[in-house]
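Chemist: predicted model, plus sequence, below.
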Amino acid sequence: MRTLKTVFVMLLSSAAVYAQSVPGMTIQYAQIPPKLDGKLDDKVWAEATSIQLGLTAEGAPVLNGAIIRMAWDRNNLYVAYDVPDDQIVADRLPRDGRIFERDDVMELFIWPRENQPFYYQIDVNPRGVTYDAFLITRATKDAPDLTLVDWSPKLDTSSWVRPVLYRPDKLGALTPDGRWSVEMSLPLSSIATRGNEPVQAGETWRVQFNRYNRADKVPGTLDATAWSPYYRVGWPHLLDTFGKVTFAGAPAPPPIAVPPIIPQSGMPDTAPTGAYKVPTLAPEKPAVAPAPTPVPPTPAPVTPEPAVAPAPVVPVAPVEAVVETRQRTFSLDYKNVRIKEALETLFKDTDLNYTIDAETVSAAPLVTVKVDGESFEGALKAVTDAAGLTWSKVDKTYAVKKAG
């Protein structure tokens, strides 16, 4: 028992030390966006900072790892992958097919707000096929508690595969020329940033890059390399191990054009040399003497009234403008939604909490309900009634349970 406890403490200490030393990179602002053809020959990539996946998931060094470059502008995040690969595995699956279970894959994970539990996953294989999902992590930040593949940003990807060449003097020997590359643009508007405002220069996101290479391996094994090691093969969902990506400054906005001053009649078009004397303009009409200003009568003296002491000022405690959840209205339209997903959406952005046990979640039917302009508890009752459940409240926590 003492040995097990010692090992557990050592693992926690290693994780704590590593969390303080995650890698980082700065991405530059793209004056001209790249042409998405998969060939990586744009000027923006030549000037971009690059990183190489030189570590296994356990932290061991590797050679000839995938090279990654990133850039951004006011509308998009751009990512370029350059992946050495002498035996490419990629099926032509539909979008959001589980390519990470069977193909060579590059994975991008984005955690834009460290004080929030949600993050994003975007995978791409050598054919440019993508898988993307919105995830909500557990409280321990080591696994997704909810995965929504319905999150589908307007991704634009293009891939290019350089064929593997064979040496003529030795049949079957591969040259190092085999590789595949992908260019991808992700609209920044599809990422929930701080306050849903545009990304600003100096902002930092937590990011992880991961590669799965499935060729030339013993069946059942997985070749995984990462930017920031996560110490668990095939499981990059450890948010505290993500690296840090900082957005470099965008250029200043162009100066505002000022229209030229057009000279008026009687003034020269160009400034004269030497001393300049403003020309005297002849009046169009003869000057008319102004009428004399009447002198007001002298007012009678006023006897001031005795001063009255002002009433004492009673300090008033400041009042914070708080809009409570019960004063808001909610509109919902669920069609065949799991009860936990429906509750997550309803309680999001409120100051309230809920509890529900796993047995109730698994036994509850899919929810189909629509409410419009309803109070919070009215909306909660509609959702739970649709699932055959009920609820009780203690302070700000609602306990959802089976009816009866």
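Modeler: The structure has been received and is ready for your questions.
Chemist: going forward, measure contacts and count neighbours with C-alpha atoms only.
Modeler: OK.
Chemist: all helices of this protein, in order?
Modeler: Secondary structure of the chain by DSSP state H: the helices cover 2-19, 43-47, 339-347, 358-363, 376-386.
Chemist: tell me the spacing between the nearest residue to A90 once chain neighbours are set aside and D223.
Modeler: Among residues not flanking A90 along the chain, D103 sits closest, at 4.9 Å (C-alpha to C-alpha, 6 or more residues apart in numbering). Separation of D103 from D223 (C-alpha to C-alpha, to the nearest Å) stands at 11 Å.
Chemist: and those two? Which one has more around it.
Modeler: Neighbour comparison, D103 and D223: the larger count goes to D103, with 21 against 17 (by other C-alpha atoms under 10 Å).
Chemist: so what does the more buried one look like in phi/psi?
Modeler: Main-chain dihedrals, D103, degrees, to the nearest 10: phi -110, psi 170.
Chemist: spit out the contact partners of L346.
Modeler: Neighbour list for L346: L380 [criterion: C-alpha atoms under 8 Å, 6 or more residues apart in numbering].
Chemist: what does E341 give?
Modeler: Neighbours of E341 in contact, by C-alpha under 8 Å, 6+ apart: L146.
Chemist: hmm, the residue nearest to A90 is touching R127, no?
Modeler: No: taking contacts as C-alpha atoms under 8 Å, D103 lies outside contact range of R127: 10.1 Å.
Chemist: any idea of the pLDDT on the residue nearest to A90?
Modeler: The per-residue pLDDT reported for D103 equals 85.
Chemist: mean pLDDT lowest for which of the helices of the chain?
Modeler: Looking at the helices of the chain, the bottom one is helix 2-19 with a mean of 39.
Chemist: related to what we said a few turns ago, any shared contact partners between D103 and R127?
Modeler: Residues touching both D103 and R127 (C-alpha under 8 Å, 6+ apart): A90, D91.
Chemist: report how many residues lie close to R138.
Modeler: Neighbours around R138, by other C-alpha under 10 Å: 13.
Chemist: pretty sure it contacts P144?
Modeler: Yes: counting by C-alpha under 8 Å, R138 does reach P144; the two are 5.9 Å apart.
Chemist: list the buried residues of stretch 345-360.
Modeler: For stretch 345-360, burial by neighbour count (16 or more other C-alpha atoms under 10 Å) applies to L346, Y354, I356.
Chemist: can you map out the strands along the stretch 51-200 of the chain?
Modeler: Ranges of strands within the stretch 51-200 of the chain are 55-56, 67-72, 76-84, 105-111, 118-124, 130-137, 144-148, 156-162, 179-187, based on DSSP state E, counting those that start in this stretch.
Chemist: the stretch 301-404 of the chain now?
Modeler: Under the criterion DSSP E, counting those that start in this stretch, the stretch 301-404 of the chain carries strands at the ranges 330-337, 353-355, 367-374, 389-394, 397-402.
Chemist: strands paired with the first one, and their directions?
Modeler: Applying DSSP bridges, strand 330-337 is found paired with strand 367-374 (antiparallel).
Chemist: what do you get for the fourth one?
Modeler: As defined by DSSP bridges, the strand partners of strand 389-394 come to strand 397-402 (antiparallel).
Chemist: with just CA atoms, put the strand it pairs with into PDB.
Modeler: The C-alpha trace of strand 397-402 is given here as PDB (Å, rounded to 0.1, in the frame of the first residue of the first chain):
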ATOM      1  CA  THR A 397     -29.200  23.600  -7.000                       C
ATOM      2  CA  TYR A 398     -32.000  21.700  -8.800                       C
ATOM      3  CA  ALA A 399     -32.100  17.900  -8.200                       C
ATOM      4  CA  VAL A 400     -33.500  16.200 -11.300                       C
ATOM      5  CA  LYS A 401     -34.900  12.700 -10.600                       C
ATOM      6  CA  LYS A 402     -37.400  10.100 -11.700                       C
END
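Chemist: contacts for that strand, please.
Modeler: For strand 397-402, the external contacting residues (C-alpha under 8 Å, 6+ apart) are 352-357, 360, 384, 388-393.
Chemist: before we move on, what about stretch 77-89?
Modeler: 40, 45, 64-72, 102-104, 106, 126, 164, 174, 176-188, 214-216.
Chemist: what residue ranges in the stretch 301-404 of the chain score low on pLDDT?
Modeler: Applying pLDDT under 70 to the stretch 301-404 of the chain flags residues 301-327.
Chemist: repeat that for 90
Modeler: Flagging of the stretch 301-404 of the chain using pLDDT under 90 yields the residue ranges 301-380, 382-384, 386-388, 391-398, 400-404.
Chemist: sorry, back to before: just the buried residues of stretch 345-360 now: which is nearest D150?
Modeler: Using C-alpha to C-alpha, L346 is the member of the buried residues of stretch 345-360 that sits closest to D150, with 17.5 Å.
Chemist: pretty sure S50 contacts I68?
Modeler: Yes: taking C-alpha under 8 Å as the definition, S50 is a contact partner of I68 at 5.6 Å.
Chemist: neighbour count winner among these two?
Modeler: For S50 versus I68, neighbours defined as other C-alpha under 10 Å are more numerous around I68 (22 against 16).
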